Every structure is written in C-alpha cells, then in structure tokens.
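In: Have a look at this fold, sequence not included:
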C-alpha cells in the first residue's frame, strides 16, 4: 500500500505563520473580548464616570471619594477599549485581571465578602484572553522599541 497523502502547503511554512487555532475558536475568543469590553465600559466604568449614586456611595463608604471612583472608572474604560485593539489585547486583559484582584480584595476587606465572586468570575475569561492573545506582546514590544528609538 502506498502513502497517498499530499503534504500541505503550510508544512514548509515557518511555525509563526501556521495558524494555531481554528476559526471557531478565534471567533469565540473575539466574542468574549467584545462582551468583556462592553461590560467594563458600560456596566462598570460608566456608572463611575458619571458619578452614579451607586458608585459614588460605594467609593465614599470605602473612603476613596470621587478621585478614586474616577480613577478606577478611567482604568476600566481604557482597559475596555484596549481589549478591542489587537496589539493591546493581552496587556489589557492582564491589566483588567489585576484590577479584578484589587476589586476582590476590596470586596473582602471593605464589604465583608459581599459580591466578592464577581471579580473572580471576570478574571477567568480575562486570563484566557491574556494567554490566548500573548503572541501580540512581541508586536507591542517592537512598536514601543521603534517609538523610543525615534525619540
């Protein structure tokens, strides 16, 4: 019996050129990123940036005041936008996951654990995105190095 398999065209391509995920996985990952971005922009950052009473009261109770509320709102909005920028996706997901660690600690220390599960639940897809999109970190590093050399 002879082998009739034909080598694929990508067999000779460099490893970086060979796709590592199927189309369905890429589409699902992108959908998760969009949902996370919408959540962080609309449900989390917006109430802080418009000083909605629910956010303002919470930050006042923690003793962080308006400055803390606006700072966290800006960080969340920036992270939400960066989740949609290909070269920033992994860094944004990592930064938002770190912000969720802080939110978890605050929930435990200031609010006796009420709603402490929410940041933990959000960390899971954020860390999946950060890991899956980590290949973009090299692109970001090259961009930053090129910009700093011009200055």
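Out: Arrived safely, thanks for sending. Only a predicted model underlies this, so the values are computations on that prediction, with no experimental measurement involved.
In: just checking, residue 132 touches residue 28?
Out: No: applying C-beta atoms under 8 Å, one finds residue 132 not in contact with residue 28, separated by 10.1 Å. To be clear about C-beta, it is placed using only N, CA and C from the backbone, and glycine gets the same treatment.
In: helices or strands next to the helix or strand harbouring residue 100 in the packing?
Out: Using DSSP states H and E, residue 100 maps to helix 89-110. If contacts are counted by 3 or more C-beta pairs under 8 Å, 6 or more residues apart in numbering; DSSP states H and E, helix 89-110 sits against helix 23-38, helix 53-62, helix 65-82, helix 117-132, helix 136-150.
In: Report the buried residues of the fourth one.
Out: When you say that, I think you mean helix 117-132. 119, 122-123, 125-126, 129-130, 132 (16 or more other C-beta atoms under 10 Å).
In: again with the first one
Out: Along helix 23-38, these residues count as buried under the neighbour rule (16+ other C-beta under 10 Å): 29, 32-33, 36-37.
In: Let me know the next secondary structure element after it.
Out: According to DSSP H and E, the helix or strand after helix 23-38 is helix 46-49.
In: contact partners of that next one?
Out: Residues from elsewhere that reach helix 46-49 (C-beta atoms under 8 Å, 6 or more residues apart in numbering): 52, 54-55, 59, 69-70, 72-74, 76-77.
In: let's see 10 Å
Out: 40-41, 52-56, 58-59, 66, 68-77, 80 (C-beta atoms under 10 Å, 6 or more residues apart in numbering).
In: For residue 140, state which of the buried residues of helix 23-38 is nearest.
Out: residue 33 (16.0 Å; C-beta to C-beta).
In: Next up, the contacts around the closest residue to that closest one other than its chain neighbours.
Out: The shortest distance from residue 33 to any non-neighbouring residue, by C-beta to C-beta, 6 or more residues apart in numbering, is to residue 83 (5.1 Å). By C-beta under 10 Å, 6+ apart, residue 83 lies in contact with 32-38, 40-41, 89-93, 95-96, 126, 129, 133.
In: Low-confidence regions, the chain specifically.
Out: 1-21 (pLDDT under 70).
In: Spatially central, which residue of it would that be?
Out: Centroid-nearest residue in the chain: residue 93, 2.0 Å away (criterion: C-alpha atoms, centre = their mean).
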